[in-house]
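# Provide a 3D model corresponding to the input given below.
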Amino acid sequence: ISDAAGNAATQASVSLSLDRTAPSANSIDIDSSATHDNDGSVDLTLASTDTNTLEMKISNTGDCSAGTYEAFSTTKNGWSHGVSNGTATISAIYRDAAGNESSCVTDTIIHDAVAPTGTSISIAGAAAYTTTDGITLTLGATGASHMYITNTAGCGSGGTEEAYATSKAWTLGQTNGTATVYVKFRDLAGNESACINDTITHDNIAPTVTVTNSGWVNASNYTAYTVTGACNENSRTVTIGGSVAGSGSCNGTSYTATINYTAIADGASAISITADISDVAGNNATQATATLSKDILAPSLSITDNGGVHIVNEGGYTVQGGCADATSGSTSQSVTITGTNSDSINCDGTNFSKSLDFSGASEGTITINASVTDVAGNTANATFSPTKDTIPPVDGGFEPLPGFSAAGLPLSWTDGSSGDATGFII
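A predicted model of the protein is given here:
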């Protein structure tokens, strides 16, 4: 430029750069490509390739129509996307120094602030008892992606987070007592449910049962024989088997069961007994057994008629007879004598015999009662009633009758006791 006088100014010049290329390779990433968040505040990672990129504009519109340009940065933390329990879209656009704008780029994330719901846990199909520590858990939760199972209360330790599943093999942490398993659930947004639990009683200790019966079933009890024994499971049923089935109830220490052995034939070792019991957990006791014999026939018993008791034998009158039992036996069993005199006489399996003193007994009828019980407990009875007469006949005296001489004198006498005198001595 020059003035009116013709003076020329020193020439001025400037150099300009021409940039018609918008920033490229533009991107936005929310929370390191996470799919969910639960607090509405996210961290953004931004990228744009342009040596002249100077600014960026971030907005929640999804089309970059809102927002304000600010200096470009590769990160922007704590961005609030403004969406509650839904899908949030965040957009970014970049501008270089020449004013060229990039295309609008977006990323999405699902906001979820609701913890999994409908949570549940069931041990061994909701069973009350188990005999093994290896069980199966049944689990449930709506919206869960992960679960944390432990034997520690509070779900704070003792487990490992794993993918959510509705079934899980698990080992109980307690044995022979109440076992508790805990679980909490987490969704993809990181929301955790409350820690819940289920319990089960573990019991692998078998109960015990015995049969205390032995010996014989006899005529007095074979239709209602009482089987007895010890047991340690209160209110549980003791099942009787063997020759005849039946049952009894355990009171915590013992049981009784009434069994009818009518159908069992007499004989040694004719009856077998088994006893079984299980506890509420399903543990079975070792089976108890016993063998009984049956004899419902009374032994045979008789008293031999040895005539009356008189002055010669009253101090040693022989009481004897037969005694036998074909089934359980009567050998070495005592024949009990009662009545006028009492004593006990051993039966040798066929006979019994003993001399008894009746000298102190009154004149007249003597009662001898005999009783014997066989090995099985069946009793037989017999009775014998001899007469005691130890009084001598009374001398009636004599006088010659008219017309008789002393040499042919008839004699007469009177028995002063029983009237059965049979002769006399002159």
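# In the stretch 301-426 of the chain, where is pLDDT below threshold?
For the stretch 301-426 of the chain, the stretches flagged by pLDDT under 70 are 394-426.
# What ranges does the stretch 201-350 of the chain have for its strands?
216-218, 225-230, 237-242, 246-249, 254-259, 267-276, 288-295, 300-303, 309-310, 317-324, 334-339, 343-346 (DSSP state E, counting those that start in this stretch).
# Which strands and helices lie in contact with the fifth one?
For strand 254-259, the packing partners by 3 or more Cβ pairs under 8 Å, 6 or more residues apart in numbering; DSSP states H and E come out as strand 225-230, strand 237-242, strand 246-249. The C-beta positions use only the backbone N, C-alpha and C, and glycine is treated the same way.
# of all those, which lies closest to Ile121?
strand 237-242 (32.7 Å; Cβ to Cβ).
# ok, and what's touching that closest one?
For strand 237-242, contacts defined as Cβ atoms under 8 Å, 6 or more residues apart in numbering pick out 209, 227, 229, 231, 245-250, 255, 257, 259, 271-277, 289.
# Which members of those residues are classed as buried?
209, 227, 229, 231, 246-248, 250, 255, 257, 259, 271, 273-277 (16 or more other Cβ atoms under 10 Å).
# For Ala194, grab the count of nearby residues.
Other residues near Ala194 come to 10 when the count uses other Cβ atoms under 10 Å.
# hang on, it packs against Lys184?
Yes: assessed by Cβ atoms under 8 Å, Ala194 is found in contact with Lys184 at 6.8 Å.
# any shared contact partners between the two?
Both Ala194 and Lys184 are contacted by Thr119, under the criterion Cβ under 8 Å, 6+ apart.
# related to what we said a few turns ago, between the helices and strands packed on strand 254-259, which one is nearest to Lys168?
Set against Lys168 and scored by Cβ to Cβ, the helices and strands packed on strand 254-259 come closest in strand 237-242, at 35.3 Å.
# Neighbouring strands of the closest one in the sheet, and parallel or not?
Looking at strand 237-242 with DSSP bridges, its partner strands are strand 246-249 (antiparallel), strand 267-276 (antiparallel).
# pLDDT (mean, whole number) over that strand?
Strand 237-242 carries an average pLDDT of 98.
# Then stretch 9-21?
Over the span of stretch 9-21, the pLDDT mean works out to 82.
# what's that stretch in contact with?
For stretch 9-21, using Cβ under 8 Å, 6+ apart, the contacting residues are Ile1, Ser2, Asp50, Asn52, Asp96, Ala97, Ala98, Asn100.
# ok, back up a step: can you redo the helices and strands packed on strand 254-259 as JSON lines with distance to Gly215?
Shown next, in JSON lines, are those (distance: least, Cβ to Cβ, whole Å):
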{"stretch": "strand 225-230", "distance to Gly215": "11"}
{"stretch": "strand 237-242", "distance to Gly215": "16"}
{"stretch": "strand 246-249", "distance to Gly215": "19"}
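# Nearest to Phe72, out of those strands?
That would be strand 237-242 among the helices and strands packed on strand 254-259, by Cβ to Cβ, at 83.5 Å.
# List the buried residues for the closest one?
Thr237, Val238, Thr239, Ile240, Gly242.
# swap in stretch 149-156?
Quick answer for stretch 149-156 (16+ other Cβ under 10 Å): Ile149, Thr150, Asn151, Cys155.
# In contact with Thr289, which residues?
Val211, Gly242, Ser272, Ile273, Thr274, Ala275.
# My guess is the fourth one contacts Lys294. True?
Think Ile273. No: judged on Cβ under 8 Å, Ile273 makes no contact with Lys294 at a distance of 12.0 Å.
# Surely Asp29 and Leu44 touch.
Yes: counting by Cβ under 8 Å, Leu44 is a contact partner of Asp29 at 7.0 Å.
# So for those two, which sits in the more crowded spot?
Taking neighbours as other Cβ under 10 Å, Asp29 and Leu44 compare with Leu44 leading, 22 against 19.
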